[in-house]
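Enquirer: I need the structure of the sequence given here:
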Amino acid sequence: INGGTFSPNGNDGSSVFVSNSGRSVVTAIKGGHYEAKIGASEPFACITGGTFTAEAKEGTNTALINDDYAWTEAENGNWTLTRKPDVAMIGEVGYTTLAKAVAAVEDGGTITLIANETFTKNNRYNNGGWWDGLGYSGDKSFTIDLNGKTISQNGALNDYLMWFKNDGSKDNTITLKNGTMDAGTTAYSALATASSNAQKMTVNLENINLINNISNGAVVKARGGAELNVNAGTVITGKNSYVGIEAVGNNTVVNVYDGAEIYQNGTSSYLGGLVGVCGNGVANVYGGYGKSVRCGFIAMTSGGTINVAGGEWIANTDGTVGNNSNLYVLTAQSNKYESGFAGASIINVTGGTFRGGMDAWVLNNVTGEKAELNISGGNFNANPENYVADGATVTKKVSFDYVPGMEKSYLELRGTVMYKEKSADLP
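Expert: Below you'll find the model as predicted:
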């Protein structure tokens, strides 16, 4: 229907009655004036235009309105439908929501945001009773270029701001770049990878800010055998989060590279770690910078491995050593009776600069529990001699000058672990 005036004429008082039974007939309403509601035997999104009296607007089932359109008040007390602004583009084609763009993007394609996206009760995703912002299941590879824009939520979510799952037949890669993802105070994580099948999912973070502010959540949660690459320019901030990056489960790998930054700024969570592993997850840290008001790297009680080769990492706000394991920069702990226990908790350190205490411990001292902190390189302000690997020695370094790269080269040549004493202990 493109025009005409329609007054009440049906037994149900409708001006027009549409039917799409069996989807054999498609009815579209693009114009016309309606003095009473539009009725339907099976509501489906078929209305994109026309003018409606207030009575017609209120009586028309909202399921008939194409969700790319919204009511706008017109002249003489009438209402019309106007297309919502586009949020994202794929090439020259616009989409009113990011979810629609993700559904439409082809394998290998790029989605570019042209406006901020805020998830609300009207556009959130129902994930089995949990409310997410965007959820994607499939094996397409694609890029979301936030283009300087922000993806956020207004308190309508209680799970993930965005999650991705490979449940297809081939490996895929998803890249998120150039913007901000802010999960707010009610979502568990800003980004998560879901459980998947044997196909591998790789998620790349490039020049993107991820923020979370909930005490029992991880800013970024990698699981389900996914690989997460945290690249240069990426900043992960937990305002009160449990951990910045969490690697969970067998075959899940997180890689942190030079130029990445991780911060934990709040004290609501008892942990407040920078990077954590559990359930046999693995984190490889090649470089970067991190600072937490609480702890740094933690191999949790259910098991996992963290390998640190570089970067600068500060715990307990300013690196004060202290004697509280929740404030240490390096902690490996094991508890055989932890839910999801998968084996040993191990941290291997071959390089990097560390400010804060360190510890490795088992909770019950029973068969199966194993916690290791193995240090063969690096620069510390706490004496690491209890955890030095075979073949390495500990040398005090009284100078507080640090030239990036100098210690690394020295360690490679000499196999020496260096630590700095507190200034009060200097000769």
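Enquirer: where does the protein dip in pLDDT?
Expert: 10, 20-26, 196-197, 396-427 (pLDDT under 70).
Enquirer: Run through the helices of it in chain order.
Expert: 54-59, 98-104, 316-319, 406-414 (DSSP state H).
Enquirer: What is the third one packed up against?
Expert: Contacting helix 316-319 under the criterion 3 or more C-beta pairs under 8 Å, 6 or more residues apart in numbering; DSSP states H and E are the following elements: strand 289-292. The way it works is simple: take the backbone N, C-alpha and C, and place the C-beta from them, glycine included.
Enquirer: What is the strand it packs on packed up against?
Expert: strand 261-264, strand 273-278, strand 312-314, helix 316-319.
Enquirer: 7 Å instead?
Expert: Packing partners of strand 289-292 (3 or more C-beta pairs under 7 Å, 6 or more residues apart in numbering; DSSP states H and E): strand 261-264, strand 273-278, strand 312-314.
Enquirer: Extract the CA atoms of it and return them as PDB.
Expert: The C-alpha coordinates for strand 289-292 follow below in PDB (Å, rounded to 0.1, in the frame of the first residue of the first chain):
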ATOM      1  CA  TYR A 289      52.700  -2.000  30.500                       C
ATOM      2  CA  GLY A 290      50.300  -2.600  33.400                       C
ATOM      3  CA  LYS A 291      49.600  -1.000  36.700                       C
ATOM      4  CA  SER A 292      47.100  -2.200  39.400                       C
END
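Enquirer: Need the residues that contact that strand.
Expert: By C-beta atoms under 7 Å, 6 or more residues apart in numbering, the residues outside strand 289-292 that reach it are 261-264, 272-274, 296, 311-315.
Enquirer: Please apply the same query to stretch 232-244.
Expert: Stretch 232-244 has contacts (C-beta under 7 Å, 6+ apart) with 205-220, 245, 257-266, 268-269, 271-276.
Enquirer: nearest spatial neighbour of the most centrally placed residue in the chain, skipping sequence neighbours?
Expert: Centroid-nearest residue in the chain, with C-alpha atoms, centre = their mean: residue 191, separated by 1.4 Å. Ranked by C-beta to C-beta, 6 or more residues apart in numbering and with sequence neighbours excluded, the top spatial neighbour of residue 191 is residue 220, at 4.9 Å.
Enquirer: need the contact list for that neighbour.
Expert: 189-191, 210, 228, 236, 245.
Enquirer: Kindly report the same for residue 105.
Expert: Shown in contact with residue 105 (C-beta under 7 Å, 6+ apart): 90, 111, 140, 142.
Enquirer: Just the buried ones from the contacts of residue 220?
Expert: By neighbour count, with 16 or more other C-beta atoms under 10 Å, these hold 189-191, 210, 228, 236, 245 as buried.
Enquirer: Return the residues in contact with residue 99.
Expert: Contacts of residue 99 (C-beta under 7 Å, 6+ apart): residue 134.
Enquirer: give me that answer again for 8 Å
Expert: Counting by C-beta atoms under 8 Å, 6 or more residues apart in numbering, residue 99 makes contact with 123, 125, 134.
Enquirer: tally of neighbours for the first one?
Expert: Burial measure for residue 123: 19 neighbouring residues, criterion other C-beta atoms under 10 Å.
Enquirer: Could you measure from the nearest residue to it once chain neighbours are set aside over to residue 118?
Expert: For residue 123, ignoring the flanking residues on the chain, the nearest one in space by C-beta to C-beta, 6+ apart is residue 97 at 5.7 Å. Distance from residue 97 to residue 118, counting by C-beta to C-beta, to the nearest Å: 11 Å.
Enquirer: if we can go back for a sec, output the buried ones among the contacts of residue 220 as a markdown table; include the columns distance to residue 306.
Expert: What follows is those, written out as a markdown table (distance: C-beta to C-beta, whole Å):
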| residue | distance to residue 306 |
| --- | --- |
| 189 | 19 |
| 190 | 21 |
| 191 | 20 |
| 210 | 20 |
| 228 | 14 |
| 236 | 16 |
| 245 | 11 |
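Enquirer: now, among those, which is nearest to residue 368?
Expert: Looking at these and their distance to residue 368, the nearest is residue 245, at 26.4 Å (C-beta to C-beta).
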